[in-house]
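>>> What follows is a predicted structure for the sequence shown.
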Amino acid sequence: MRRFKTVPWSWIGCGLLAAFAAGCGDAYDNPIRHKSPPPSPPSIDSNTAAEPPSSPQADSTEAGGAVVPAEAAADAKADQEDRRPAPREKPSPTRPPQPAGPSIRLSAGTALAQSLPTGTAMGFSVDYQFAGAGPDAAAKYFWIIEPAKGQPLKQPVSLNAEGTLQGFFPPLRPENGPFRCHVEDGLGNRLSPSIPLR
């Protein structure tokens, strides 16, 4: 019968330790790495709308090649509008001056030298006619004789709607001519054109 050789327990223990040490070394050399899951994206509130970042040039206006704040550009525009000249108003059409009283037409003016006891005097006559309204009963009228040489002579007269003015003017001589005449009211307003007396 075959006998087995007895192995000391110390040898068995050393073999187990060696095997355990070899297994630990492999585990150390090839560790198992667990990958952590990627971080989840930040949550976005659906009730809050994303606002784009404001640009510093959003509130600016280009003026003359330079960037000017919007408020300064508005002030400059308002200042330019204030300096604009005000529109000129069209002048109202001027009306021709109206005569102070009714106009009178004169015609058939004559001048005649007459011998009087006091000397030679000039006599004149002219036909008149009111245009439109007749004479004012409260107004005063004057017949004005205009000599070419000397001062005009004024004679008060009474006028109707039409008629003839005639009279003598001793201060005047034929050498004071030629003569013209017109009619004025009491305020010196001319009521008729001046016509020659021949």
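Arrived safely.

>>> residue contacts, N176?
Going by CB atoms under 8 Å, 6 or more residues apart in numbering, N176 touches M122, P147, A148, K149, G150. For the C-beta atoms, the positions are set from N, CA and C on the backbone; glycine is no exception.

>>> For PyMOL, write the selection for the buried entries among those residues.
In PyMOL, this line selects whichever of the contacts of N176 come out buried by 16 or more other CB atoms under 10 Å:
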select buried, resi 122+147
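
>>> Quick check: end-to-end length of stretch 134-150?
One end of stretch 134-150 to the other measures 32 Å (CA to CA, to the nearest Å).

>>> any weak-confidence spans in the protein?
Filtered on pLDDT under 70, the chain yields the residue ranges 1-76, 78-102.

>>> circling back: now, which of the contacts of N176 sits nearest G163?
Nearest to G163 out of those is M122 (CB to CB; 20.7 Å).

>>> Work out for me the element that closest one sits within.
Assigned by DSSP states H and E, M122 belongs to strand 119-131.

>>> which neighbours does that strand have in its sheet, and in what orientation?
Partners of strand 119-131 in the sheet, by DSSP bridges, are strand 103-116 (antiparallel), strand 162-169 (antiparallel).

>>> after the last one, next one along is what?
Same thing as strand 162-169. Counting by DSSP H and E, the next helix or strand C-terminal to strand 162-169 is strand 179-185.

>>> Give me the helices and strands touching that following strand, please.
Counting contacts by 3 or more CB pairs under 8 Å, 6 or more residues apart in numbering; DSSP states H and E, strand 179-185 packs against strand 103-116, strand 119-131, strand 141-147, strand 195-197.

>>> What does the nearest residue to G119 once chain neighbours are set aside show for phi and psi?
Spatially, and ignoring its direct neighbours in sequence, G119 is nearest to P170 (7.1 Å; CB to CB, 6 or more residues apart in numbering). The phi/psi pair for P170 (degrees, to the nearest 10) reads phi -60, psi -30.

>>> P170: how many residues sit nearby?
Other residues within reach of P170, judged by other CB atoms under 10 Å, total 14.

>>> before we move on, what about P156?
Around P156 there are 9 residues (other CB under 10 Å).

>>> Touching, it and F142? I think so.
Yes - using CB atoms under 8 Å, P156 makes contact with F142 at a distance of 5.6 Å.

>>> residues in contact with F124?
Going by CB under 8 Å, 6+ apart, F124 touches G109, T110, A111, L112, I145, L165, Q166, G167, F169, F179, C181, L197.

>>> and those, which are buried?
Counted by 16+ other CB under 10 Å, the contacts of F124 give G109, A111, I145, L165, F169, F179, C181, L197 as buried.
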